[in-house]
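Asks: A structural model of the following input is requested.
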Amino acid sequence: MKVLIGLILTAGLALADVSGTWSGSFVAVGPDGQEHDNGATLVLKQSGTELTGTAGPSADQQNPIQKGKVEGDKIAFEVPLGEGILKFDLAVVGDHIKGTVTATMGEQRMSATLDVTRSK
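Replies: Predicted coordinates for the structure are as follows:
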């Protein structure tokens, strides 16, 4: 019975569609330890487990998503930015998408937290 319930719950999570426009906070921690909220807007298109779209600090500043995938409530994708890359490791939590973002530019690394909700 537990296995059946687990399969039903997993199937339900897989059916969740994150397509749409999401906006909220992108809080980066600078080298000095200070937090900076740059804002975030994600425009997502989900087809099965494949995720495409764009991400950026605002609706006007967007960059294409690469290697996007959705598995249950987990979301992962990358956004190239100049000579660097942002890696998003997110999860659907209620009506939010939340998680961590790591940026790599050469030897420099930065981390941030993301918390966005779907625009109505």
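
Asks: Can you find the helix or strand in this structure with the smallest mean pLDDT?
Replies: The least trusted helix or strand in the chain, going by mean pLDDT, DSSP states H and E, turns out to be helix 2-15, with a mean of 44.

Asks: Quick check: next helix or strand after that one?
Replies: strand 20-29 (DSSP states H and E).

Asks: How about that next one, which residues are buried there?
Replies: Residues of strand 20-29 classed as buried by neighbour count (16 or more other C-beta atoms under 10 Å): W22, S23, G24, F26, V27, A28. All C-beta atoms are positioned from the backbone trio N, CA, C, and that covers glycine.

Asks: and if you look at stretch 60-67?
Replies: Q62, I65.

Asks: what is the mean pLDDT for it?
Replies: Mean pLDDT, stretch 60-67: 96.

Asks: beta partners of A40?
Replies: G24 (DSSP bridges).

Asks: Might one say that it is in contact with Q61?
Replies: No. Here A40 does not reach Q61: they are 10.4 Å apart, not a contact under C-beta atoms under 8 Å.
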